[in-house]
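Trainee: Return atomic coordinates for the entry below.
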Amino acid sequence: MTQLSSPAAPVTTAPRTDWTREEIAALFDLPFMDLLYEAQGVHRANHPRNEVQLSTLLSIKTGGCPEDCGYCNQSVHAETGLKATKLMDVRAVLQSAAQAKDAGSGRFCMGAAWRNPKDRDMPTLIEMVKGVREMGMETCMTLGMLTPGQAQMLAEAGLDYYNHNIDTAPEKYGEVITTRSFADRIETLEAVRSAGINVCCGGIVGMGETREDRIGFIHALATMPHPESVPINALVPVKGTVLGDMLADTPLAKIDEIEFVRTVAVARLAMPQAMVRLSAGRESMSEACQALCFMAGANSIFTGDKLLTTPNAGDDRDGALLAKLGIVAMQAASHGHLEEAAE
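Mentor: Here you go, the predicted model:
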């Protein structure tokens with residue numbers, strides 16, 4: 001890739017973890033078309049062009065979470081009327097996974113609204129992981145904080161990815177969540193890495209944060225060992241949650257689409273080999289915005305009508321958009337994670 005004229009933000013196709021906040025800020029400040037051009041070049045140097053991984057996310061245990069995450073309608077602190085459920089039966093989860101595979105998904109993600117899983121739940125979770133992997137799908141779980149022992153059990157079951165988002169910039173974190181610290185998040189990520197599981201770690205934009213906060217968010221991700229998977233969510237403001245009520249009927253209730261695309265592009269440049277995943281919030285994005293996100297280097301989306309408990313675009317709309325753009329579904333094995341995990 002040609003180096004940018006600004007020495008503050010050299011663009012390279014090789015991963016690096018020594019990014020400064022000034023360099024990340026310089027990327028955000030690039031003219032929009034230059035930023036997309038550079039991001040697409042880095043993307044093509046590291047990933048198949050015109051391919052997007054289709055993923056499905058299932059809530060295997062909904063609601064009743066003791067954490068106070070301001071964006072989440074599954075928190076016991078939220079007044080959304082969401083009814084808490086018990087952990088799903090393994091057979092029901094595997095049936096959902098089979099349906100997702102039939103619909104074209106190559107990756108199946110399972111999320112439970114817990115602060116952390118109990119040891120008594122681990123055998124059931126392990127059965128789920130093994131069953132989904134036997135279908136030939138990539139597996140991911142998000143269960144809250146893990147002990148090193150729990151991470152090792154999931155690794156031995158063959159879990160490909162563990163999702164544990166940092167959510168936002170370290171300095172913004174305490175405004176969003178008070179029941180656990182940013183350091184708690186990092187501790188779980190370290191346990192996951194040590195167990196040999198791929199890390200899925202990103203966050204949410206559109207929570208009323210500033211550009212400086214988004215710079216801090218990307219900087220935090222890009223200066224740790226790069227997550228193999230980086231979900232970028234746009235806040236879905238839910239009435240009854242702290243942020244949903246705070247941002248309701250304000251201009252901050254929806255992040256500017258160009259700024260969202262910028263965030264995706266900077267994530268691609270800062271973490272060239274990561275899968276950058278368009279996650280929550282797509283149902284309210286225009287087709288043009290999503291197309292620009294793919295141009296900026298996003299190469300995974302969640303399909304289906306629901307993401308955990310919030311609406312999603314749906315398989316039909318996604319299929320029509322990808323066909324319009326000439327983008328095809330990435331095969332589960334084409335990115336190599338299943339084979340690597342099996343070795």
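
Trainee: CA atoms for contacts and neighbours, from now on please.
Mentor: Noted.

Trainee: can you list the weak-confidence ranges in the stretch 151-300 of the chain?
Mentor: Low-confidence segments of the stretch 151-300 of the chain (pLDDT under 70): 249-253.

Trainee: what ranges do the helices span in it?
Mentor: Assigned by DSSP state H, counting those that start in this stretch, the helices in the stretch 151-300 of the chain fall at 170-176, 182-194, 211-222, 242-247, 257-270, 287-295.

Trainee: Tell me which of these approaches residue 131 most closely.
Mentor: helix 182-194 (20.6 Å; C-alpha to C-alpha).

Trainee: Closest to the centroid, which residue in the chain?
Mentor: residue 231 (2.0 Å; C-alpha atoms, centre = their mean).

Trainee: Can you give me every residue that contacts that residue?
Mentor: 200-203, 276-279 (C-alpha atoms under 8 Å, 6 or more residues apart in numbering).

Trainee: For it, list each beta-bridge partner.
Mentor: Under DSSP bridges, the beta-bridge partners of residue 231 are residue 277.

Trainee: roughly how far apart are it and residue 195?
Mentor: Going from residue 231 to residue 195 by C-alpha to C-alpha, to the nearest Å gives 21 Å.

Trainee: got it, and residue 125?
Mentor: Distance from residue 125 to residue 195, by C-alpha to C-alpha: 16 Å.

Trainee: how about the helices in the stretch 1-150 of the chain?
Mentor: Taking DSSP H, counting those that start in this stretch as the criterion, the stretch 1-150 of the chain carries its helices at 21-28, 32-46, 90-102, 122-134, 148-157.

Trainee: right, and the ones you listed - which one's nearest residue 264?
Mentor: Per C-alpha to C-alpha, nearest to residue 264 of the helices of the stretch 1-150 of the chain: helix 32-46, 9.0 Å.

Trainee: can you pull the buried residues of the closest one?
Mentor: Residues of helix 32-46 classed as buried: 35-36, 38-43, 45 (neighbour count, 16 or more other C-alpha atoms under 10 Å).

Trainee: now stretch 83-100
Mentor: By neighbour count with 16+ other C-alpha under 10 Å, stretch 83-100 contains the buried residues 87-88, 90, 93-94, 96-98, 100.

Trainee: do the same with stretch 210-221
Mentor: 213-221.

Trainee: Throw these into a markdown table and include distance to residue 185, thanks.
Mentor: Formatted as a markdown table, the buried residues of stretch 210-221 follow (distance: C-alpha to C-alpha, whole Å):
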| residue | distance to residue 185 |
| --- | --- |
| 213 | 18 |
| 214 | 18 |
| 215 | 19 |
| 216 | 16 |
| 217 | 14 |
| 218 | 15 |
| 219 | 16 |
| 220 | 12 |
| 221 | 12 |
